[in-house]
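K.L.:
No letters, just coordinates:
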C-alpha cells in the first residue's frame with residue numbers, strides 16, 4: 001500500500017512526532033536512544049551534515065526556543081522515566 005505524502009505544515013504536532021519516530025524507528029531500525037546517542041556523539045565515526053551540526057551546536061549552547069536543560073527536565077520528570085534512588 002503506497003503512502004500518501006502530506007506536507008508537515010498541515011500536520012498536528014502529534015502527527016509530526018509520529019512521522020519522525022516512524023522514519024528513524026520502523027523504517028531505519030533505530031530506537032529513540034540510539035538516535036539521540038548518535039546525534040550528540042563526537043568523533044571521527046560521526047559525520048553529520050554541516051547544517052545539522054550547526055543546529056545541534058546552537059541547541060546545546062541554549063540558542064533555541066527549547067534548551068537542552070528543558071529536555072533533560074522533561075525526561076526526568078516524565079511519568080515513564082525510571083526514578084532515581086535516594087542517595
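P.N.:
Cool, the structure landed. Source: prediction; values computed, not measured.
K.L.:
Quick check: next helix or strand after the lowest-mean-pLDDT helix or strand in the chain?
P.N.:
In the chain, no helix or strand scores lower on mean pLDDT, DSSP states H and E than helix 50-60, which sits at a mean of 78. The element immediately downstream of helix 50-60 (helix or strand, assigned by DSSP states H and E) is helix 68-77.
K.L.:
what's the spacing between the least confident helix or strand of the chain and its chain's center?
P.N.:
Its chain's average C-alpha position is 13 Å from that of helix 50-60, according to C-alpha atoms, centre = their mean, to the nearest Å.
K.L.:
now the angle from that helix to helix 68-77?
P.N.:
70 degrees (axes from the mean of the first three to the mean of the last three C-alpha atoms, to 10 degrees).
K.L.:
which residues sit against helix 50-60?
P.N.:
39, 40, 48, 64, 66, 67, 68 (C-beta atoms under 8 Å, 6 or more residues apart in numbering). Glycine gets a C-beta too; all of them are placed from N, C-alpha and C.
K.L.:
Report the buried residues of that helix.
P.N.:
residue 59 (16 or more other C-beta atoms under 10 Å).
K.L.:
Please apply the same query to stretch 18-34.
P.N.:
residue 30.
K.L.:
can you give me how far that stretch is from the chain middle?
P.N.:
10 Å.
K.L.:
Next one, pLDDT for residue 68 please.
P.N.:
Here the pLDDT value assigned to residue 68 is 87.
K.L.:
how close does it sit to residue 28?
P.N.:
24 Å (C-beta to C-beta, to the nearest Å).
K.L.:
One more: residue 11?
P.N.:
20 Å.
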